[in-house]
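1. Coordinates only, no sequence provided:
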């Protein structure tokens, strides 16, 4: 914004030029923060035609108006607050292509105001609906662009309006429309209004307007995120040059040093050059400010623009399942949200090196194993079956890439800002990001969500090289099938990886510290059945055994055992900088609404309490956004299912027998084997059973445990039943389609409160 002597000089020059063109005008004091009050009669008397005078020249109207009154059809709709006596302005509005009643009302209000503060008050008195208010920025931009010279009046109004979030967004969208008019394109561009030919005058005026808004905090530099600053159209290049120089001049006014070349380097990209059009736009300056040469500019990230520390409603640290779901949900709720992810791809452990790639290998290895050992009994004889491990890995990677790109698309769809880099707290509301492609960026958040996940814990005495000593990540990317493999840990991840490589020909031995496989959450009876089936498939087990260390000096790795598995640890780098509290297991301490001791910082997922499950983290992410937006959220931790994707699958939800006995809860049991299920029989896949636990007095379902085909799909019905407090009789009296595997669930329910029909 130009004030003081510069503004006075501009206004004076403008007034003199208008007088010469239009003839004698009533002499009055004109300020740079006011519109020029010139009526249609002044224009007609001058016998001059052209559109350069139409905007910024306004007239309050007087009794000497001799124009024909406008018809009722033209003024059918009245907007509250518009002054009477503005017939000249009505006509002026039409000629200025204010082609709706709302735009005309806004135009008249702006042009009839005494100054920008009066204009703002009058606009508020119009009492427009929310959707109608979005027309105000469009009118201001059209008016500002059509002025013969830049007029700060419109910018002052715009700055006041940017205090409203929706109007601020409307200015942003209008700026993007300008870029489209100037020749910039975007893959998801929609149709837009193009009612004005953009000449240099329009471009310079609007660049100064938006530059001033950005310099004074009305808009953030991130509104330029749709631009590729390295490849701009000529008009856009001029616009950006004027815009950045305006920002520099405005910020320089309040700078004690006068010029900070480091700041300039961060603001300007390599495309800047001061061509004649730009120099003429700033001819009121005695000289152009010094611009840092392109060779002195630091490498900028591919995002193509510098960003200010504009406060976000929510900053999410971590782009895994918890982080990206929270970011998308926040975007859907209308929050300004930024998600920071160091990996370079979204989805975290689950999508990149966990749930998704492991399921691809589990499915394909099962098909391979089935073709080798099972299809003959089904009447399908296949000869010369070969394993192409490289193609199997490629198929896995293709699935992962498609899903990660899908999440990025959802970020764009829901207006989530995605920053690639490593986050470090520099304040309670401020996060510094070391960008993956070089440089730094500061992000400020009203609320901050930590969703950094977990990583494999280094095993004492065994240095992980992902070749011979591997984590679950390395097990997903082996280049050849190992002759033998020892899996330290008989939990879900360990058993799934054991299944993959055992099917492909590896001799697998599982070493487990606990007396059962599957972890403490798996029902003991189900764990025993699962171990028996997996052993039949060729996997050996050593339970109650602790690994003490290993020797990797020979051709084979030798382990020393005492009678532990590689666990996962919370990933909390740089989180202690602000004094967040952790427990003895390294988990961030939170309350029932996921808040740390700093209430605006919340935590979800693997880095806090509860099972390390992607779907649990996802539920917490949704709940956190609801707490932030609405003040309430919901996660029922008694209804979080677990699934082990071996064959047959194992799934459970709720309590197991061990937990019920420890709590002294009286319960009853109902079971039903898949060997008695018609669909399992036809599929020749009958191993396993459904086990249901219900309260002995109320019959309310307390837990469901399944080992069998499609157990991971069937557990959803059990989860819904527990969520809504269903009884076993409720399930038993619910009709299930025939023949389906789900009938085994119904029969188990019937066996719980009475007797199963088919067993």
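-> Nice, I can see it. Keep in mind it's a predicted model, so treat the numbers as computed, not measured.
2. make it CA atoms for all contacts and neighbour counts henceforth
-> OK.
3. check contacts around residue 462.
-> By C-alpha atoms under 8 Å, 6 or more residues apart in numbering, the contact list for residue 462 reads 469, 549-551.
4. Just those residues: which are in strands?
-> 549-551 (DSSP state E).
5. The helix or strand harbouring residue 615: how far from the chain's middle?
-> In the assignment (DSSP states H and E), residue 615 maps to helix 614-630. Averaged C-alpha coordinates place helix 614-630 at 13 Å from its chain's average position (C-alpha atoms, centre = their mean, to the nearest Å).
6. in the chain, which helix has the most residues?
-> The single longest helix within the chain, with elements called by DSSP state H, is helix 389-413.
7. which residues in the stretch 301-450 of the chain form helices?
-> Per DSSP state H, counting those that start in this stretch, the stretch 301-450 of the chain carries helices over the ranges 321-332, 348-353, 355-373, 389-413.
8. quick one: contacts of the second one?
-> Meaning helix 348-353. Here helix 348-353 has contacts from 318-321, 345, 355-357, 400, 403-404, 453-454, 472-473, 476, 614, using C-alpha under 8 Å, 6+ apart.
9. what about 10 Å?
-> 318-324, 341-343, 345-347, 354-358, 397, 399-401, 403-404, 451-455, 472-477, 613-615 (C-alpha atoms under 10 Å, 6 or more residues apart in numbering).
10. follow-up on the earlier one: quick one: which of the helices of the stretch 301-450 of the chain is nearest residue 426?
-> Evaluated over the helices of the stretch 301-450 of the chain, closeness to residue 426 peaks at helix 321-332, with 20.2 Å, by C-alpha to C-alpha.
11. for the closest one, which positions count as buried?
-> Of all the residues in helix 321-332, those buried under the rule 16 or more other C-alpha atoms under 10 Å are 321-331.
12. Out of the contacts of residue 462, which is nearest to residue 658?
-> The nearest one, if we look at the contacts of residue 462 relative to residue 658 and count by C-alpha to C-alpha, is residue 549, at 31.8 Å.
13. Any idea how many residues pack against the residue nearest to that closest one when sequence neighbours are not counted?
-> Spatially, and ignoring its direct neighbours in sequence, residue 549 is nearest to residue 461 (4.7 Å; C-alpha to C-alpha, 6 or more residues apart in numbering). For residue 461, the neighbour count with other C-alpha atoms under 10 Å is 13.
14. now residue 658
-> 14.
15. Next: residue 99.
-> When neighbours are counted by other C-alpha under 10 Å, residue 99 registers 11.
16. Show me the domain layout of the protein.
-> Domain segmentation of the chain under automatic domain parsing yields 1-161, 174-308, 311-449+570-635, 472-566, 639-753.
17. CSV please, covering those domains and showing distance to residue 759.
-> Listed next are the domains of the chain as CSV, based on distance: least, C-alpha to C-alpha, whole Å:
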stretch, distance to residue 759
domain 1-161, 64
domain 174-308, 58
domain 311-449+570-635, 26
domain 472-566, 19
domain 639-753, 6
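18. Under the pLDDT cut-off, which ranges of the stretch 551-700 of the chain? List them.
-> 553, 558-577 (pLDDT under 70).
19. Helices of that one, start to end?
-> So, for the stretch 551-700 of the chain - with DSSP H, counting those that start in this stretch - the helices run 614-630, 657-663, 678-682.
20. Which among those helices is found nearest to residue 377?
-> With C-alpha to C-alpha as the measure, helix 678-682 is the member of those nearest residue 377 (12.3 Å).
21. Next, the buried residues of that closest one.
-> Along helix 678-682, these residues count as buried under the neighbour rule (16+ other C-alpha under 10 Å): 678-680.
22. Then stretch 470-489?
-> Under the neighbour-count criterion of 16+ other C-alpha under 10 Å, stretch 470-489 has 470-478, 485-489 buried.
23. Ends of stretch 516-533, what's the gap?
-> Chord length of stretch 516-533, first to last residue, is 14 Å (C-alpha to C-alpha, to the nearest Å).
24. distance of residue 473 from residue 626?
-> 33 Å.
25. Same check on residue 99?
-> Distance of residue 99 to residue 626, computed by C-alpha to C-alpha: 41 Å.
26. Then residue 673?
-> Separation of residue 673 from residue 626 (C-alpha to C-alpha) stands at 42 Å.
27. who has more neighbours, those two?
-> residue 673 (22 against 19).
28. quick one, which of the helices of the stretch 551-700 of the chain is packed in tightest?
-> helix 614-630 (a mean of 21; mean count of other C-alpha atoms under 10 Å).
29. What segments of the stretch 401-550 of the chain are strands?
-> 416-425, 430-435, 440-450, 454-456, 484-488, 507-511, 540-542, 547-551 (DSSP state E, counting those that start in this stretch).
30. Quick one, which of these gets closest to residue 692.
-> strand 540-542 (27.4 Å).
31. other SSEs contacting the closest one?
-> Packing partners of strand 540-542 (3 or more C-alpha pairs under 10 Å, 6 or more residues apart in numbering; DSSP states H and E): strand 484-488, strand 507-511, helix 524-536.
32. I'd like the ones you listed laid out as CSV, including mean pLDDT and distance to residue 589.
-> Formatted as CSV, these follow (pLDDT from 0 to 100; distance: least, C-alpha to C-alpha, whole Å):
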stretch, mean pLDDT, distance to residue 589
strand 484-488, 92, 29
strand 507-511, 95, 32
helix 524-536, 96, 31
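33. Switch those over to a markdown table; also include distance to residue 663.
-> Below are those laid out as a markdown table (distance: least, C-alpha to C-alpha, whole Å):
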| stretch | distance to residue 663 |
| --- | --- |
| strand 484-488 | 31 |
| strand 507-511 | 30 |
| helix 524-536 | 16 |
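34. Could you work out which of these reaches nearest to residue 582?
-> strand 484-488 (27.2 Å).
35. ok, and what's touching that closest one?
-> So strand 484-488 is contacted by 459, 468-472, 493-495, 497-498, 501-502, 505-513, 540-542, 545-547, 556-559, 564-567 (C-alpha under 10 Å, 6+ apart).
36. Now list the buried members of those residues.
-> 459, 468-472, 493-495, 497-498, 501-502, 506-513, 540-542, 545-547, 564-566.
37. could you pull out the helices for the stretch 101-250 of the chain?
-> 101-111, 116-125, 130-133, 135-146, 152-161, 165-181, 200-215, 234-253.
38. okay, the angle between the helix holding residue 615 and helix 355-373?
-> If you take axes from the mean of the first three to the mean of the last three C-alpha atoms, to 10 degrees, helix 614-630 sits at 150 degrees to helix 355-373.
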